[in-house]
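Trainee: Turn this into a model:
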Amino acid sequence: MRTAAAVAVSASFLASAASAADPIIIKFSHVVAPDTPKGKGADKFKELAEKYTSGAVKIEVYPNSQLYKDKEELEALQLGAVQMLAPSLAKFGPLGLKDFEVFDLPYIFPDYEGLHKITYGPIGKELLDKLGEKGIQGLAFWDNGFKIMSANSPLHTADDFLGLKMRIQSSKVLEAEMNALGAVPQVLAFSEVYQALQTGVVDGTENPPSNMYTQKMHEVQKHATISNHGYLGYAVIVNKKFWDELPADVRGNLEKAMTEATEYANGIAKQENEKALDAMKAVGKTEFHEMTADERESWRKALLPVHDEMGERIGAELVKRVQQETGAVN
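Mentor: This next block holds a predicted model:
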């Protein structure tokens, strides 16, 4: 016959074993399709995180705004309703971190090499560290890519934007960008853009090709210009309290998984956008325009003053540091 002490020890052991067997759940919510650079990066992180933690962590990925729209997700993270996000960098300005709006400046990054001097360098680390004051832990920057402009009328020179209603993310810099072109900026959640384009609520928008293609925007836009005028990227973030309370070994393995997932996501971004562009051209519903040197100069002349205009908001010193690091000309 078992003693009361033996039963107690056995019960304690079983409870401990059950507790050890329960994985730590990390809900990773994002607003784009699984077959975009961010979507594939999230899936790669899930694969690596579960592998390196030997199943101690389970990553649940929710794409396509299944849990939250892009207007809601940051609040959900801060409240602990979701543990991990990869919001576009424009989302941090409305949160009070206006420094991040430097990424929205037109023609601030000449190419991926110039961009990565920032996202992999000291300036990028400084920016991620600033998220801590908002209860957020910044883990990495992920590329989507360089943006193209689309509308139902040709967009060859800056004058072609006059009076067009153009969808943007919530960003004062992107607002200034569209105003500089003579367009009327319209803030809409990403999940609402296709319908807004289809019904004429807006005339056009800006997006990397992978987002345009996976959201089928090419079905409802007659023209697009391969302008590469701006960059769209993400910061992978977690709820700071949740992150800090993780066991040190688990956190270390998740950091390793994130480093490798970041290399993967950023490694495929350019390729994914090129594939998306080719696929949209093959469909034939949108006419894609390659800019001439004169047309590009017309856009630059209209848009570069946004750097100075937004310098006071973002921080003139930060803008200057990024310009110097990337070789952007103002």
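
Trainee: Kindly export the one helix or strand residue 299 maps to (C-alpha atoms) in PDB.
Mentor: Here residue 299 sits within helix 293-303, counting by DSSP states H and E. Extracted C-alpha coordinates of helix 293-303, given in PDB (Å, rounded to 0.1, in the frame of the first residue of the first chain):
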ATOM      1  CA  ALA A 293      16.300  59.100 -66.800                       C
ATOM      2  CA  ASP A 294      14.300  62.300 -67.300                       C
ATOM      3  CA  GLU A 295      11.200  60.800 -65.700                       C
ATOM      4  CA  ARG A 296      13.200  59.600 -62.700                       C
ATOM      5  CA  GLU A 297      14.700  63.000 -62.300                       C
ATOM      6  CA  SER A 298      11.200  64.500 -62.300                       C
ATOM      7  CA  TRP A 299      10.200  62.300 -59.400                       C
ATOM      8  CA  ARG A 300      13.400  62.900 -57.500                       C
ATOM      9  CA  LYS A 301      13.000  66.700 -57.900                       C
ATOM     10  CA  ALA A 302       9.500  66.500 -56.500                       C
ATOM     11  CA  LEU A 303      10.300  64.100 -53.700                       C
END
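
Trainee: what pLDDT, on average, does the longest strand seen in the chain get?
Mentor: In the chain, assigned by DSSP state E, the strand with the most residues is strand 136-146. The average pLDDT for strand 136-146 rounds to 97.

Trainee: Output the contacting helices and strands for it.
Mentor: Counting contacts by 3 or more C-beta pairs under 8 Å, 6 or more residues apart in numbering; DSSP states H and E, strand 136-146 is packed against helix 37-52, helix 112-119, helix 122-130, helix 209-214, strand 231-239, helix 240-244, helix 248-283. Just so you know, the C-beta spots here come from the backbone N, C-alpha and C atoms, and that holds for glycine as well.

Trainee: Within the sheet, what are the partner strands of it, with directions?
Mentor: Its sheet considered, strand 136-146 pairs with strand 231-239 (antiparallel) by DSSP bridges.

Trainee: Work out the gap between the strand it pairs with and the centre of the chain.
Mentor: Its chain's C-alpha centre and that of strand 231-239 lie 5 Å apart, by C-alpha atoms, centre = their mean, to the nearest Å.

Trainee: Next: stretch 278-285.
Mentor: In terms of C-alpha atoms, centre = their mean, the centre of stretch 278-285 is set 24 Å apart from its chain centre.
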